[in-house]
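**Student:** structure for this input, please:
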Amino acid sequence: MSLELRHVESFVAVADTRSFSAAAERTGTVQSAVSAHIRLLEQRLSRKLVDRGRGKPVGLTSAGNAFLVKARRLLALADEAMERSSIGGSASPIRLGTTMTFALSVLPPALARFSAADQDNPVTVTTARSHDLRDLLDNGNIDIALVLDQGPHAGRVETVPVPLVWTAARIFRHDRSKPLPLAFLDDARDLRRHALSALDTEPEKQVELQFHADPVGLRAVLLAGLAATVLPRPAMTETLVDIGPRLKLPSLGTVLVSIYASTKRERPAVRKLATELCRWLDHQPDRSASGFKVSDASD
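**Tutor:** Numbers count the residues shown, from 1 in each chain. The predicted structure is shown next:
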């Protein structure tokens, strides 16, 4: 009896998330495909694995719970086989997960340096929110994660405190007679909390908060010069500047950025990549707001 790995992956995703829609998101497919995979797997095994009662949480049958142990072992063996095999002389890719912010800033120079030193270990990149990435790591979907610190974890390799910066595009202009437009992601609670706590110390500073659901959309607003935001200093690119000193904004303090590595698939190359990422987190680019203009209503 042969089983298709994608059917087994869908089953494990459903078992972990207790949701067909969440399982589809994790496996990069659609809910109907996950349902079909589970149905075909049940037909092949001649037993019911998943309870799908309407209005009830998704659960596993006793047969499903028994098969889950074997399914995880099967996927682990498949991963090990891919690890040991080579295609064109290359090892299986290191699966790196990070936020969109770090993917657009810290990652390019760090990956370029890592690749120059270790051409035998290619890297693939997945972007998601910090709390989702640690879940992906725990579930074996990625090998290493670069995220805002998510707390103690057996796989936490390094934690680096980095300064937070009031950030805007070089073309951003602010009339200080008006509130400062500040843009954040909907769920960027940590960065927003730092900003508001700092502003509480200087209540005369007026701001206008904007919220965006998508990181790419937020980045577009920033680069268009329509708003400012708060970023870890290493995440600032050449198009962004530190506007804090010019606007006399209060200090933001620091935030912890952590690198987590999988404890299930330990690879020396992953540790080397973690070292390179840590090096770039320690890099503090000078992004002073030269040429940035502040105007009064009377100007």
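**Student:** what about the helices in the stretch 1-150 of the chain?
**Tutor:** For the stretch 1-150 of the chain, the helices defined by DSSP state H, counting those that start in this stretch occupy 5-17, 20-27, 31-45, 62-84, 100-103, 107-117, 130-138.
**Student:** out of those, nearest to residue 168?
**Tutor:** With CB to CB, the closest approach to residue 168 among the helices of the stretch 1-150 of the chain belongs to helix 100-103: 14.7 Å. From N, CA and C alone the C-beta is placed, and that goes for glycine too.
**Student:** next one: the closest one to chain centre, how far?
**Tutor:** 7 Å (CA atoms, centre = their mean, to the nearest Å).
**Student:** I'd like to know which elements it is packed against.
**Tutor:** Contact analysis of helix 100-103 by 3 or more CB pairs under 8 Å, 6 or more residues apart in numbering; DSSP states H and E lists strand 123-127, helix 215-223 as its packing neighbours.
**Student:** which helix or strand lies directly C-terminal to the last one?
**Tutor:** With elements assigned by DSSP states H and E, the helix or strand that comes after helix 215-223 is strand 229-232.
**Student:** CA atoms only for that following strand, dumped as CSV, please.
**Tutor:** Written as CSV, here are the backbone C-alpha positions of strand 229-232 (Å, rounded to 0.1, in the frame of the first residue of the first chain):
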residue,chain,number,x,y,z
THR,A,229,6.2,54.6,11.2
VAL,A,230,8.4,52.9,13.9
LEU,A,231,11.0,50.3,12.8
PRO,A,232,14.0,48.5,14.3
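**Student:** which helices and strands does it pack with?
**Tutor:** Going by 3+ CB pairs under 8 Å, 6+ apart, strand 229-232 lies up against strand 156-169, strand 180-185, helix 189-200.
**Student:** now whichever helix or strand comes after that strand, how far from the centre of its chain.
**Tutor:** Downstream of strand 229-232, the next assigned helix or strand under DSSP H and E is strand 240-242. The chain centre lies 22 Å from the centre of strand 240-242; the measure is CA atoms, centre = their mean.
**Student:** how about stretch 39-49?
**Tutor:** 35 Å.
**Student:** what comes into contact with it?
**Tutor:** Residues from elsewhere that reach stretch 39-49 (CB atoms under 8 Å, 6 or more residues apart in numbering): 1, 3-4, 7-8, 10-11, 38, 50, 60-61, 63-64, 67.
**Student:** rewinding a little: mind putting the helices and strands packed on helix 100-103 into JSON lines with mean pLDDT, mean neighbour count and distance to residue 160?
**Tutor:** Shown next, in JSON lines, are these (pLDDT from 0 to 100; neighbours: other CB atoms under 10 Å; distance: least, CB to CB, whole Å):
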{"stretch": "strand 123-127", "mean pLDDT": "91", "mean neighbour count": "16", "distance to residue 160": "20"}
{"stretch": "helix 215-223", "mean pLDDT": "90", "mean neighbour count": "16", "distance to residue 160": "21"}
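**Student:** adding pLDDT, write the contacts of stretch 39-49 out as JSON lines.
**Tutor:** Output for the contacts of stretch 39-49, formatted as JSON lines (pLDDT from 0 to 100):
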{"residue": "1", "pLDDT": "52"}
{"residue": "3", "pLDDT": "76"}
{"residue": "4", "pLDDT": "83"}
{"residue": "7", "pLDDT": "90"}
{"residue": "8", "pLDDT": "90"}
{"residue": "10", "pLDDT": "90"}
{"residue": "11", "pLDDT": "92"}
{"residue": "38", "pLDDT": "92"}
{"residue": "50", "pLDDT": "92"}
{"residue": "60", "pLDDT": "91"}
{"residue": "61", "pLDDT": "92"}
{"residue": "63", "pLDDT": "92"}
{"residue": "64", "pLDDT": "90"}
{"residue": "67", "pLDDT": "92"}
